[in-house]
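Peer 1: Build me a model:
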Amino acid sequence: MTQLIDHGVPVQRALVLHPTRASQADARDPQARLDEAVGLAQALDLEVVEARVAPLRARTPATLFGSGKVEELRLLCEVEQIDVVMVDEALSPVQQRNLERAWKVKVVDRTGVILEIFGRRARTREGRLQVELARLDYERSRLVRTWTHLERQRGGTGSTGGPGETQIELDRRQIADRIAKMKRELTEVRRTRTLHRTARKKVPYPTIALVGYTNAGKSTLFNRLTEAEVMAQDMLFATLDPTLRTVKLPGGRPAILSDTVGFISDLPHELVEAFRATLEEVQEADVVLHVRDIANPDTEAQKRDVEAVLEELGVTVEEGRRIIEVWNKADLLPQDEHDDVAGAARRAEAALVSAVTSEGCEALLRRLANLVDVTPEIDVVLAAANGEALAWLYRHGRVMGRHDQPDGGLHLRVRLDGQALGRFERLFPEATVAEAAE
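Peer 2: The predicted structure is shown next:
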């Protein structure tokens with residue numbers, strides 16, 4: 001399969017274009033989209049020498065841009081010695097081919113760049129499978145461009161094509177076979193993940209999933225809450241492979257926290273489908289934390305993009321799922337705005353935090369503990385000599401309160417799930433167990 005970016009060149013000079021039309025309704029700020037596109041290009045180690053918002057009166061089927069704009073950009077590529085042009089929109093195979101011919105440089109679209117980033121960053125076998133599946137689906141539609149150098153006229157009597165057509169059909173068949181094989185392997189991955197989730201439910205630990213726009217600070221927050229060391233960098237798509245860790249909530253109850261791939265506007269449909277197995281962690285979570293970069297001026301538009309993907313996955317508030325907005329990067333807010341944002345967070349029932357400074361993280365953990373810990377409290381009275389029962393309760397339950405009695409015994413306020421309570425009563429029949437008094 002052809003590579004979207006030539007890795008053999010140490011540094012490639014790039015021109016980034018964000019096409020925009022005045023008629024677009026509810027369009028995001030063009031400059032914010034351009035800045036995001038530059039971030040995508042830089043994530044591929046491209047040297048962005050020029051970045052422009054390119055207004056469009058109408059889409060030209062052959063080249064997207066009008067002939068005058070195509071010529072203007074051709075001259076720019078020549079003067080600036082551009083190697084790669086990134087167009088921040090999905091190009092058809094014909095448009096991509098025609099622009100490469102006109103500008104005499106490599107042309108990549110938004111989908112291709114995102115797929116290339118995913119291909120570089122995926123580390124696990126599952127992640128690589130998912131990325132490869134998405135890339136094959138993308139490349140399949142571009143075989144007409146890939147094989148234009150092959151002869152199509154020589155040979156045959158009209159009933160058979162030339163060698164170029166034979167190669168195209170062979171290549172399409174090979175890609176189709178690889179796609180079918182990878183889909184079977186991903187089905188097995190999904191089955192394995194389902195088994196793992198079933199095993200976790202038997203523990204049973206509640207599950208909490210982090211979702212959000214790419215570079216919103218999910219991995220930094222994940223590290224802060226779990227004291228883990230997942231890679232967290234100020235770049236788009238720093239995290240691709242899902243990571244699970246245990247977090248200890250206030251009161252002693254553990255929970256499983258899942259860090260997932262970041263979302264982005266106009267996420268390629270191929271990737272939504274390919275990453276469905278990974279995003280099932282979000283679908284099955286007891287609580288979803290929607291992490292937002294509250295210091296980003298485009299944060300509201302990013303929120304809408306994430307909610308659109310969540311809705312496609314079936315994760316909606318209307319279904320009764322508990323979704324908490326976490327307004328991250330409070331440390332980047334100007335001092336005169338911090339108090340206003342904190343008040344807005346309270347009104348929206350959001351959690352204002354800074355994963356870098358830990359501001360608000362303890363309050364977030366307490367809120368999570370109250371959400372996931374629905375086990376009723378019970379009163380347990382133990383004799384002074386019953387240390388074994390006391391140790392058992394600390395290992396298998398959450399001791400919420402402890403009071404020494406005059407006779408040396410202990411009165412405990414404990415949370416135990418139904419299964420653990422039954423085991424405790426069988427193992428220690430001498431203990432006095434009652435529903436907790438109000």
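Peer 1: now the helices for the stretch 151-300 of the chain?
Peer 2: For the stretch 151-300 of the chain, helices defined by DSSP state H, counting those that start in this stretch occupy the ranges 163-201, 218-226, 269-274, 276-284, 299-312.
Peer 1: Would you single out the least confident of the ones you listed?
Peer 2: Sorting those by mean pLDDT places helix 269-274 lowest, at a mean of 65.
Peer 1: ok so, going back, out of the helices of the stretch 151-300 of the chain, deepest packed?
Peer 2: Of all the helices of the stretch 151-300 of the chain, helix 218-226 has the most neighbours on average by mean count of other Cβ atoms under 10 Å, namely a mean of 23. From N, CA and C alone the C-beta is placed, and that goes for glycine too.
Peer 1: Now render the helices of the stretch 151-300 of the chain as CSV, adding distance to Ala350.
Peer 2: Formatted as CSV, those follow (distance: least, Cβ to Cβ, whole Å):
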stretch, distance to Ala350
helix 163-201, 28
helix 218-226, 14
helix 269-274, 26
helix 276-284, 19
helix 299-312, 11
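Peer 1: Looking at those, which is nearest to Thr357?
Peer 2: Distance to Thr357, taken as Cβ to Cβ, is lowest for helix 218-226 among those, at 9.4 Å.
Peer 1: Pull the closest one out as CSV, backbone CA atoms only.
Peer 2: This file holds the C-alpha atoms of helix 218-226, laid out as CSV (Å, rounded to 0.1, in the frame of the first residue of the first chain):
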residue,chain,number,x,y,z
LYS,A,218,-7.4,13.2,29.1
SER,A,219,-4.1,11.3,29.5
THR,A,220,-2.7,13.9,31.9
LEU,A,221,-5.9,13.6,34.0
PHE,A,222,-5.7,9.8,33.7
ASN,A,223,-2.2,9.9,35.1
ARG,A,224,-3.2,12.3,37.9
LEU,A,225,-6.2,10.2,39.1
THR,A,226,-4.5,6.8,38.8
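Peer 1: other SSEs contacting that helix?
Peer 2: strand 207-212, strand 243-248, strand 254-259, strand 322-328, helix 361-372 (3 or more Cβ pairs under 8 Å, 6 or more residues apart in numbering; DSSP states H and E).
Peer 1: for stretch 397-414, which positions count as buried?
Peer 2: The neighbour-count check on stretch 397-414 (16 or more other Cβ atoms under 10 Å) flags Gly397, Arg398, Val399, Leu410, Leu412, Arg413, Val414 as buried.
Peer 1: Nearest to Val326 among those?
Peer 2: For the buried residues of stretch 397-414, the nearest to Val326 is Arg398 (24.0 Å; Cβ to Cβ).
Peer 1: Show me what that closest one is bridged to.
Peer 2: Assessed by DSSP bridges, Arg398 has beta-bridge partners Arg415.
Peer 1: Read off the pLDDT value for it.
Peer 2: pLDDT, Arg398: 76.
Peer 1: how far away is it from Ser258?
Peer 2: According to Cβ to Cβ, to the nearest Å, Arg398 and Ser258 sit 22 Å apart.
Peer 1: Same question for Gly212.
Peer 2: For Gly212, the distance to Ser258 - Cβ to Cβ - is 12 Å.
Peer 1: which of these two has more neighbours?
Peer 2: Gly212 (24 against 21; other Cβ atoms under 10 Å).
Peer 1: thought that one was touching His290?
Peer 2: Yes. Assessed by Cβ atoms under 8 Å, Gly212 is found in contact with His290 at 5.9 Å.
Peer 1: what do those two both touch?
Peer 2: The contact sets of Gly212 and His290 overlap at Val306, Val326 (Cβ atoms under 8 Å, 6 or more residues apart in numbering).
Peer 1: Below-threshold pLDDT in the stretch 301-438 of the chain: ranges please.
Peer 2: Along the stretch 301-438 of the chain, segments meeting pLDDT under 70 span 313, 315-321, 373-374, 436-438.
Peer 1: what are the ranges of the strands in it?
Peer 2: Per DSSP state E, counting those that start in this stretch, the stretch 301-438 of the chain carries strands over the ranges 322-328, 351-352, 377-382, 398-404, 410-415, 432-435.
Peer 1: Distance to Arg304 added to those, as CSV?
Peer 2: Formatted as CSV, those follow (distance: least, Cβ to Cβ, whole Å):
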stretch, distance to Arg304
strand 322-328, 13
strand 351-352, 20
strand 377-382, 40
strand 398-404, 38
strand 410-415, 38
strand 432-435, 46
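Peer 1: Out of the ones you listed, which is closest to Ala62?
Peer 2: Here strand 322-328 is closest among the strands of the stretch 301-438 of the chain (Cβ to Cβ), at 43.7 Å.
Peer 1: Buried residues in the strand or helix carrying Glu139, which are they?
Peer 2: Using DSSP states H and E, Glu139 falls within helix 125-140. Residues 126-140 are the ones in helix 125-140 that count as buried (16+ other Cβ under 10 Å).
Peer 1: Which strands or helices does it pack on?
Peer 2: helix 110-121, helix 163-201, helix 269-274, helix 276-284.
Peer 1: From the contact counts, what lies against the second one?
Peer 2: Helices and strands touching helix 163-201, by 3+ Cβ pairs under 8 Å, 6+ apart, are helix 125-140, helix 143-146, helix 276-284.
Peer 1: model confidence over the second one, on average?
Peer 2: By that I understand helix 143-146. Per-residue scores along helix 143-146 average to 51.
Peer 1: And the longest one, by the same measure?
Peer 2: Mean pLDDT, taken over the full extent of helix 125-140, equals 81.
Peer 1: Could you figure out how far it is turned away from helix 163-201?
Peer 2: Computed by axes from the mean of the first three to the mean of the last three Cα atoms, to 10 degrees, the angle separating helix 125-140 from helix 163-201 equals 150 degrees.
Peer 1: Am I right that Cys110 is in contact with Asp88?
Peer 2: Residue 110: Arg, not Cys. Yes. Under the criterion of Cβ under 8 Å, Arg110 is in contact with Asp88, at a separation of 5.1 Å.
Peer 1: list residues touching both of the two?
Peer 2: By Cβ under 8 Å, 6+ apart, the residues touching both Arg110 and Asp88 are Ala37, Leu40.
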